[in-house]
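Visitor: coordinates only, sequence not included:
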């Protein structure tokens, strides 16, 4: 996450404030009237549950990447096999050609599951990865080799139709061989075969394990022999198998209050992706208006396959030293942050009320009134129109408000602790007053 660069004293700069403008224009007068109406007729606060439901629809993120100090020019392939990933995944996750040796390597063992819920196997060809789902949740990940261009592995819905230990290979026409190949070191199927319900395709071990993670087969999916044996014991005839080609994956980690994106290579050359494409895809979860587009653009520069934060963050928020808990952490929006309104407002001892359509919301504390409209670059603060550096938005119909602008409007101050990765809010009012009910 990119960080704010406040003054050396640690105090964040307050939002830009325009000269006082009397709310005489019709539009501003209408906003003031709506503000009064909203305060008179508060609406039920169901938005937080809607945001929670939207986040729960995102796929899980499981596993944890590891750092490993490479010993000289230690074989990347041997490291990959030891850690259960592919050599190509290690190359994608680390910059440089890795020829020098002695690098501190990131071993990419953290994955965004391609589907939120499933029972069976899911193969994402763009990732060259296979996921085992049990009881609706992903439980195992295996790297695979897939078909080369011209012999692409098919996508679709299939099942495991056959299983065989120590299979005999009957060469197809492209192999230019006629005689069956018995079990043994010359058999390209290795010692395990799991055939799909589409004839001629399957998952299998291999006598060429260095090819795992590449697109090099004639359509079948090769696995490390030890992982093929493990998978063989997990599946049975009839196990569903879904094969997809998905280059952008979204996932949510509740413990970090962050939505992540993984950008994967394009082995079948389906075409480039733009930040706008990612933003449209996030509309499925009603998060397109709060995504950090700079983070998306940075992620699209190189298909590392690593989960990178695009909504929320691990940045902490402390009000007078007390942490504030969010379902979505602060998301950078220019020089400000967008945060879920309810927890911040409550921590500041204020209250928030919304319109029936969530088109407007008003934050009040004592004599202070802050009127926000989602998407508007202006706020009505105590009767004055104030330009904002970050417009408030809705995430799954839940108000996301600009943190610095809100705190400044209520008379507080904002600082930044680089070492602690924390936004520090000092607010004299909330120190003296108990929190008011929030959204």
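Guide: Perfect, thanks for sending it. Since we're looking at a predicted model, the values are computed, not measured.
Visitor: contacts only, for the residue nearest to residue 237 when sequence neighbours are not counted.
Guide: The shortest distance from residue 237 to any residue that is not its chain neighbour, by C-beta to C-beta, 6 or more residues apart in numbering, is 5.8 Å, and that residue is residue 160. All C-beta spots, glycine's among them, are computed from the backbone N, C-alpha and C. Going by C-beta atoms under 8 Å, 6 or more residues apart in numbering, residue 160 touches 121, 194-197, 235-239, 241.
Visitor: and residue 161, by the same measure?
Guide: With contacts defined as C-beta under 8 Å, 6+ apart, residue 161 is in contact with 195-197, 237.
Visitor: my guess is residue 149 meets residue 270, correct?
Guide: No: checked against C-beta atoms under 8 Å, the pair residue 149 and residue 270 is beyond contact range at 11.1 Å.
Visitor: ok, how many other residues are close to residue 236?
Guide: Summarising burial for residue 236: neighbours were counted as other C-beta atoms under 10 Å, giving 10.
Visitor: if you could redo that for residue 87, that was the one I meant.
Guide: If you count neighbours by other C-beta under 10 Å, residue 87 ends up with 21.
Visitor: where's stretch 226-239 relative to the chain centroid, distance-wise?
Guide: Between the mean C-alpha location of stretch 226-239 and the chain-wide mean there is a distance of 29 Å, by C-alpha atoms, centre = their mean, to the nearest Å.
Visitor: roughly how far does the residue most central in space within the chain sit from residue 181?
Guide: Averaging the C-alpha coordinates of the chain gives a centre point, and the residue nearest to it by C-alpha atoms, centre = their mean is residue 260 (1.5 Å). Counting by C-beta to C-beta, to the nearest Å, the gap from residue 260 to residue 181 is 44 Å.
Visitor: try residue 68
Guide: The separation that residue 68 has from residue 181, given C-beta to C-beta, amounts to 37 Å.
Visitor: ok so, going back, helix or strand right after the one helix or strand the residue nearest to residue 237 maps to?
Guide: Following DSSP states H and E, one finds residue 160 within strand 156-165. Where DSSP H and E defines the elements, the next helix or strand beyond strand 156-165 is strand 192-196.
Visitor: chain center to that following strand: distance?
Guide: Distance, stretch centre to chain centre, for strand 192-196: 33 Å (C-alpha atoms, centre = their mean).
Visitor: on contacts alone, who are the packing partners of it?
Guide: Secondary-structure packing of strand 192-196 (3 or more C-beta pairs under 8 Å, 6 or more residues apart in numbering; DSSP states H and E): strand 156-165, strand 202-204, helix 225-234.
Visitor: tell me the most buried of these?
Guide: Among these, the stretch with the highest mean neighbour count (mean count of other C-beta atoms under 10 Å) is strand 202-204, at a mean of 25.
Visitor: and the average pLDDT for it is what?
Guide: Mean per-residue pLDDT for strand 202-204: 98.
Visitor: show me what contacts residue 183?
Guide: Residue 183 makes contacts with 166-168, 191, as judged by C-beta under 8 Å, 6+ apart.
Visitor: what of residue 55?
Guide: Taking C-beta under 8 Å, 6+ apart as the definition of contact, the neighbours of residue 55 are 252, 254, 259, 285, 327-328, 396.
Visitor: can you rerun that using 6 Å?
Guide: Taking C-beta atoms under 6 Å, 6 or more residues apart in numbering, we find residue 55 in contact with residue 252.
Visitor: same question, residue 422
Guide: For residue 422, the set of contacting residues under the criterion of C-beta under 6 Å, 6+ apart consists of 316, 318.
Visitor: how close does it get to residue 331?
Guide: Counting by C-beta to C-beta, the gap between residue 422 and residue 331 amounts to 15 Å.
Visitor: could you do residue 401 as well?
Guide: Distance, residue 401 to residue 331, using C-beta to C-beta: 11 Å.
Visitor: what does residue 154 give?
Guide: Here the distance between residue 154 and residue 331 works out to 39 Å (C-beta to C-beta).
Visitor: which one's more surrounded, the two?
Guide: Taking residue 154 and residue 331 together and counting by other C-beta under 10 Å, residue 331 has the greater number of neighbours (30 against 13).
Visitor: need the three-state assignment for the residue lying closest to that one once chain neighbours are set aside.
Guide: Once its chain neighbours are removed from consideration, residue 331 has its nearest residue in residue 338; the separation is 4.8 Å (C-beta to C-beta, 6+ apart). Look at residue 338: counting by DSSP: H, G, I helix; E, B strand; the rest coil, its state is strand.
Visitor: ranges for the helices of the stretch 251-400 of the chain?
Guide: Using DSSP state H, counting those that start in this stretch, the helices found in the stretch 251-400 of the chain span residues 275-282, 293-299, 341-347.
Visitor: pairing partners for the nearest residue to residue 251 once chain neighbours are set aside in the sheet, please.
Guide: In space, residue 251 comes closest to residue 112 once its chain neighbours are excluded; the distance is 3.7 Å by C-beta to C-beta, 6+ apart. With DSSP bridges applied, the residues forming beta bridges to residue 112 are residue 61.
Visitor: gap between the nearest residue to residue 182 once chain neighbours are set aside and residue 235?
Guide: If the residues on either side of it in the chain are set aside, residue 182 comes closest to residue 168, at 5.5 Å by C-beta to C-beta, 6+ apart. Remark: distance between residue 168 and residue 235 (C-beta to C-beta) = 21 Å.
Visitor: who has more neighbours out of those two?
Guide: Taking other C-beta under 10 Å, residue 168 and residue 235 do not tie; residue 235 has more neighbours (18 against 13).
Visitor: pLDDT wise, what is the more buried one at?
Guide: In this model, residue 235 carries a pLDDT of 98.
Visitor: now residue 175
Guide: Model confidence at residue 175 (pLDDT) stands at 75.
Visitor: and residue 51, by the same measure?
Guide: Confidence per residue is given as pLDDT, and for residue 51 that number is 91.
Visitor: report the buried residues of the helix or strand hosting it.
Guide: Residue 51 is part of helix 47-56 when elements are defined by DSSP H and E. Residues of helix 47-56 classed as buried under the neighbour-count rule (16 or more other C-beta atoms under 10 Å) are 47-48, 50-51, 54-55.
Visitor: ok, residue 370 to residue 395 distance?
Guide: With the distance defined as C-beta to C-beta, residue 370 ends up 19 Å from residue 395.
Visitor: so which of the two has more stuff around it?
Guide: Comparing residue 370 with residue 395 by neighbour count (other C-beta under 10 Å), the higher total belongs to residue 395, at 29 against 25.
Visitor: next SSE downstream of the helix or strand hosting residue 408?
Guide: Residue 408 belongs to helix 403-409 when assigned by DSSP H and E. Secondary structure here is assigned by DSSP H and E; on that basis, the next helix or strand after helix 403-409 toward the C-terminus is strand 413-417.
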